[in-house]
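[1] pasted the sequence and its predicted model underneath.
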Amino acid sequence: MDMPDIVAGVMEEVRQMPPLAVRSLPRSRPRESQKSKLAHFGLAACLTFCLFQFGIFEHLGNGLTEATQHLSTRMEHIFKEGNP
């Protein structure tokens, strides 16, 4: 089954589109952008503080250590015994 050639039609549509400068959305005002940045940085700082305060990183590290030890023990058993 032959595939229809749609390239010419698509390219014609692209040529008829207005230039990018006309199509682009207006940029936000710099003042709103600065407020948004400040709010995001503040939120990130609060979340980081809470994660450290509740010991999330410590628990995550302990969990990874336990998982690594379990995997290591299991791999040693597989290599010594030869069965999973």
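    Nice, I can see it. Numbering: from 1, shown residues only.
[2] do a quick rundown of the helices in the chain.
    For the chain, applying DSSP state H gives helices covering 7-16, 20-23, 30-53, 56-81.
[3] spatially speaking, which residue is in the middle of the protein?
    residue 44 (15.6 Å; C-alpha atoms, centre = their mean).
[4] for it, give me the pLDDT.
    Looking at residue 44, its pLDDT is 94.
[5] ditto for residue 31
    Looking at residue 31, the pLDDT reads 65.
[6] tell me how many other residues surround residue 51.
    Residues contacting residue 51 under the criterion other C-beta atoms under 10 Å number 13. All C-beta spots, glycine's among them, are computed from the backbone N, C-alpha and C.
[7] I figured it hits residue 57, correct?
    Yes: Residue 51 is in contact with residue 57 according to C-beta atoms under 8 Å; the separation is 6.3 Å.
[8] okay, and for the chain, where does confidence drop off?
    1, 21-32, 83-84 (pLDDT under 70).
[9] cutoff 90 now
    1-36, 50-65, 74-84 (pLDDT under 90).
[10] for burial, what's the neighbour tally of residue 20?
    For residue 20, using other C-beta under 10 Å, the count is 7.
[11] and for residue 70?
    If we define neighbours as other C-beta under 10 Å, then residue 70 has 10 of them.
[12] go on, residue 64?
    Residue 64: 10 neighbours (other C-beta under 10 Å).
[13] that one and residue 75, how far apart?
    16 Å (C-beta to C-beta, to the nearest Å).
[14] do residue 10 as well
    On the measure of C-beta to C-beta, residue 10 and residue 75 end up 54 Å apart.
[15] swap in residue 67?
    12 Å.
[16] and stretch 35-50, what's buried?
    Of all the residues in stretch 35-50, not one is buried under the rule 16 or more other C-beta atoms under 10 Å.
[17] CA atoms of it as CSV?
    Extracted in CSV, the C-alpha atoms of stretch 35-50 (Å, rounded to 0.1, in the frame of the first residue of the first chain):
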residue,chain,number,x,y,z
LYS,A,35,8.2,37.9,42.6
SER,A,36,7.7,34.5,41.1
LYS,A,37,11.4,33.7,41.5
LEU,A,38,11.4,34.8,45.0
ALA,A,39,8.4,32.7,45.9
HIS,A,40,9.9,29.6,44.3
PHE,A,41,13.2,30.1,46.1
GLY,A,42,11.4,30.6,49.4
LEU,A,43,9.3,27.5,48.9
ALA,A,44,12.5,25.5,48.0
ALA,A,45,14.2,26.8,51.1
CYS,A,46,11.2,25.9,53.3
LEU,A,47,11.0,22.4,51.9
THR,A,48,14.7,21.8,52.3
PHE,A,49,14.6,22.9,55.9
CYS,A,50,11.6,20.6,56.6
